[in-house]
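Engineer: no sequence for this one, just the structure:
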């Protein structure tokens with residue numbers, strides 16, 4: 001039999017009573033926008049956890065019309081890199097007493113626009129778009145309209161992993177060194193003696209692919225290695241199946257190569273499987289480098305050398321910068337454009353080339 005009051009929903013007064021503080025102190029701790037003594041803060045946070053009050057706060061935000069929410073809009077929630085960024089955003093939103101809503105668009109601009117309009121109607125504090133885009137005039141016009149529309153409603157557009165839109169557009173930008181990361185990854189292969197490096201990437205007009213392909217090309221040029229168009233393979237989907245299929249085909253009928261730079265770790269995982277199925281080894285026959293440093297990179301055997309992107313920090317910063325601006329604790333200038341560094345994580349998938357390149361099997 002349930003005890004009296006066992007199913008009653010806890011309130012902020014219950015949290016205050018449990019922690020031995022005032023209701024206003026609980027509000028300050030949850031908002032994170034006012035200095036509170038560390039010992040007091042710990043008591044409040046312990047009471048919130050014991051009473052499961054964070055979940056109740058989130059429920060109240062929805063009932064109140066979404067004014068305490070942030071929205072995170074992604075192409076595909078299954079992508080491990082995007083999932084890490086969403087996790088970082090959710091953690092920061094919860095720390096500030098807000099609910100993080102996630103919408104998936106499957107890469108459809110119409111669905112993206114519909115999600116943005118819905119979040120505007122719900123008066124979300126911030127709307128975060130993550131992932132690359134085709135950076136053309138139509139895209140910039142659409143994003144500018146979205147940014148001004150959200151700004152007029154008291155919300156904020158945040159571009160996460162996308163380039164800035166230019167002066168005068170009310171948007172926060174949180175990005176990373178995309179092109180330099182690809183330059184470093186290709187440079188690592190070149191430093192080990194590779195000259196026939198296959199690039200496996202997506203749509204060249206996509207900003208993510210454009211940056212990584214640019215870094216690959218620049219590294220080759222700086223090392224005096226001619227760029228061979230036959231070694232640049234694009235239009236891949238960022239899936240294991242796509243990486244596997246293209247690598248399998250190239251091993252049977254493509255140009256010779258000694259190393260592969262895969263645009264994502266997921267594509268690299270598919271490439272590695274195809275190499276093994278062809279009776280070859282990594283890195284003895286073909287070296288392999290990825291990009292993102294998702295958990296898959298350390299699960300592969302050999303473990304994958306890759307480019308580390310701080311996706312969780314991207315998500316946290318996207319929420320933090322937008323909310324600090326909304327709360328008047330930041331300006332709309334350079335503080336609203338953050339660029340995070342990337343670096344190569346060296347593991348076991350690269351070694352010097354054993355020969356001039358694996359050639360197609362007869």
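Structural biologist: Cool, the structure landed. Just so we're clear, the structure is a prediction, and the values are computed from it rather than from any experiment.
Engineer: next SSE after the lowest-mean-pLDDT helix or strand in the chain?
Structural biologist: Least confident helix or strand, the chain: helix 53-63 with a mean of 53, by mean pLDDT, DSSP states H and E. Counting by DSSP states H and E, the next helix or strand C-terminal to helix 53-63 is strand 69-74.
Engineer: which secondary structure elements does that next one contact?
Structural biologist: helix 80-95, strand 99-104, helix 109-121, strand 126-130, helix 311-326 (3 or more Cβ pairs under 8 Å, 6 or more residues apart in numbering; DSSP states H and E). Every C-beta, even on glycine, is put in place using the N, C-alpha and C of the backbone.
Engineer: can you put the ones you listed in JSON lines and add mean neighbour count and distance to residue 25?
Structural biologist: Shown next, in JSON lines, are these (neighbours: other Cβ atoms under 10 Å; distance: least, Cβ to Cβ, whole Å):
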{"stretch": "helix 80-95", "mean neighbour count": "21", "distance to residue 25": "16"}
{"stretch": "strand 99-104", "mean neighbour count": "20", "distance to residue 25": "22"}
{"stretch": "helix 109-121", "mean neighbour count": "17", "distance to residue 25": "31"}
{"stretch": "strand 126-130", "mean neighbour count": "27", "distance to residue 25": "26"}
{"stretch": "helix 311-326", "mean neighbour count": "23", "distance to residue 25": "20"}
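Engineer: Can you say which of the ones you listed is nearest to residue 299?
Structural biologist: Evaluated with Cβ to Cβ, the helices and strands packed on strand 69-74 place helix 80-95 nearest to residue 299, the distance being 10.9 Å.
Engineer: what about the helix or strand that contains residue 179, distance to the chain center?
Structural biologist: Assignment of secondary structure by DSSP H and E places residue 179 within helix 178-191. Here the centre of mass of C-alpha atoms in helix 178-191, compared against the chain's by Cα atoms, centre = their mean, to the nearest Å, lies 20 Å away.
Engineer: Could you pull out the buried residues of it?
Structural biologist: 178-190 (16 or more other Cβ atoms under 10 Å).
Engineer: From those, pick the one nearest residue 323.
Structural biologist: Using Cβ to Cβ, residue 178 is the member of the buried residues of helix 178-191 that sits closest to residue 323, with 25.2 Å.
Engineer: so how far is residue 339 from that closest one?
Structural biologist: 10 Å (Cβ to Cβ, to the nearest Å).
Engineer: try residue 177
Structural biologist: Note on residue 177: its distance to residue 339, by Cβ to Cβ, is 7 Å.
Engineer: likewise residue 317?
Structural biologist: The span separating residue 317 from residue 339 equals 10 Å under the rule Cβ to Cβ.
Engineer: same thing with residue 204?
Structural biologist: 23 Å.
Engineer: So for those two, which sits in the more crowded spot?
Structural biologist: It is residue 204, of residue 204 and residue 339, that has more neighbours when counted by other Cβ atoms under 10 Å, with 13 against 10.
Engineer: tell me the strands in the stretch 151-300 of the chain, going along the chain?
Structural biologist: Shown for the stretch 151-300 of the chain, the strands assigned by DSSP state E, counting those that start in this stretch span residues 157-160, 171-176, 197-200, 232-233, 259-262, 287-289.
Engineer: Run through who's touching the last one.
Structural biologist: Same thing as strand 287-289. Outside of strand 287-289, the residues within contact range by Cβ atoms under 8 Å, 6 or more residues apart in numbering are 185-186, 188-189, 192, 194, 258-262, 268, 271-272, 275, 282, 304-307, 344, 349-351, 353.
Engineer: neighbours of residue 52, just the number please.
Structural biologist: Other residues near residue 52 number 10, with proximity taken as other Cβ under 10 Å.
Engineer: pretty sure it is touching residue 15, no?
Structural biologist: No - the pair formed by residue 52 and residue 15 falls short of the contact definition of Cβ atoms under 8 Å, at 10.2 Å.
Engineer: Show residues contacting stretch 223-239.
Structural biologist: So stretch 223-239 is in contact with 79, 187, 190, 195-204, 209, 213, 216-217, 220-221, 242-243, 246, 250, 254-255, 257, 263-264, 266-267, 270, going by Cβ under 8 Å, 6+ apart.
Engineer: Can I get the buried ones among those as something I can paste into ChimeraX?
Structural biologist: Buried members of those, defined by 16+ other Cβ under 10 Å, are picked up in ChimeraX with:
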select :79,187,190,195,196,197,198,199,200,201,202,209,213,216,217,220,242,243,246,250,254,257,263,264,266,267,270
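Engineer: Just the contacts of stretch 223-239: which are in helices?
Structural biologist: The helices in this structure, assigned by DSSP state H, contain 187, 190, 209, 213, 216-217, 220-221, 242-243, 246, 250, 266-267, 270 from these.
Engineer: rewinding a little: closest one of the buried residues of helix 178-191 to residue 134?
Structural biologist: Proximity to residue 134 was ranked across the buried residues of helix 178-191 by Cβ to Cβ; first place goes to residue 178, at 15.0 Å.
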